[in-house]
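Trainee: Have a look; sequence and predicted model below, questions after that.
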Amino acid sequence: GKKVLPPSNVKLQTPAIVFEDAFKNVWGLAKMECRNYSLSTEKPNSGSTCVHMKWQDQKDCQWMEWGTSWTEWKGVDMDNALQDGILEFYVRTSEIIRADLPLQVGFQSYNGATTYVSLKSDYSAQKQYGMEWTKVHVPLSAFTWEKDNANPKNVKQLVFKGKEQGDLFIDDIRIFQEAN
């Protein structure tokens, strides 16, 4: 049979700005059953806009995630950043302070597999999440690419996925390497 070639890849350039006030390409920011994800002007960390995620996951809920490509859907080769790369963003909740958030962040590769990390308190600059903006650092080494069958040499998008229930805001998403 004919070999299907993936879209041409681009090497990860860091720092890579994924979101400041707008997305290059995004899907899933919508009101649907079980969830309402949207752009919001309610107290962003910087600029004029942030992402608002509000959800209540029940047994029949589908599409609890939203995703974005910062390269206009070109596959991204992140292999060079797996050791020292960091996914950074800011988050604040609409409710009480908590150690862990019912939120997963992941990278999906063009083979369809996604590697997720749950937002534990270790990733928060304050070691907890609350109503004030908190800087989040998730090392790219925390993602289990191989175990999850995700290909770091051909990344399609960054994905955020609500678990259980939550109400939070996300802003200023970027990927950088320790050196920059």
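Mentor: Yes, it's here.

Trainee: ok, residue 65 - contacts?
Mentor: By C-beta atoms under 8 Å, 6 or more residues apart in numbering, the contact list for residue 65 reads 28, 106, 159, 160, 161, 162. C-betas here are computed from N, CA, C, even on glycine.

Trainee: thinking the first one is in contact with residue 63, fair?
Mentor: It refers to residue 28. Yes. The pair residue 28 / residue 63 is scored as a contact, 6.5 Å apart, by C-beta atoms under 8 Å.

Trainee: Low-confidence bits of this structure, can you list those?
Mentor: By pLDDT under 70, the low-scoring segments of the chain are 1-8, 180.

Trainee: all strands for it, in order.
Mentor: Residue ranges of the strands in the chain, as given by DSSP state E, are 9-11, 16-19, 25-27, 31-32, 35-40, 50-56, 65-69, 75-77, 85-93, 103-109, 114-118, 134-139, 155-162, 165-177.

Trainee: what angle separates the fifth one from strand 165-177?
Mentor: Here strand 35-40 runs at 50 degrees with respect to strand 165-177, directions being taken by axes from the mean of the first three to the mean of the last three C-alpha atoms, to 10 degrees.

Trainee: which neighbours does strand 35-40 have in its sheet, and in what orientation?
Mentor: strand 31-32 (antiparallel), strand 50-56 (antiparallel) (DSSP bridges).

Trainee: Equivalent analysis for the last one, please.
Mentor: Pairing partners of strand 165-177, with direction, according to DSSP bridges: strand 16-19 (antiparallel), strand 50-56 (antiparallel), strand 85-93 (antiparallel).

Trainee: List the neighbours of the shortest one that are in contact with it.
Mentor: If I follow you right, that is strand 16-19. 51, 68, 70, 89, 158, 170, 171, 172, 173, 174, 175, 176.

Trainee: Next: the last one.
Mentor: Where contact means C-beta under 8 Å, 6+ apart, the residues beyond strand 85-93 that reach it are 12, 14, 18-19, 43, 45, 78, 101, 103, 105, 119, 124, 129-141, 158, 166-178.

Trainee: mind checking how far it is from the chain centre?
Mentor: Distance, stretch centre to chain centre, for strand 85-93: 8 Å (C-alpha atoms, centre = their mean, to the nearest Å).

Trainee: Could you do stretch 170-180 as well?
Mentor: Put simply, stretch 170-180 sits 11 Å off its chain's centre (C-alpha atoms, centre = their mean).
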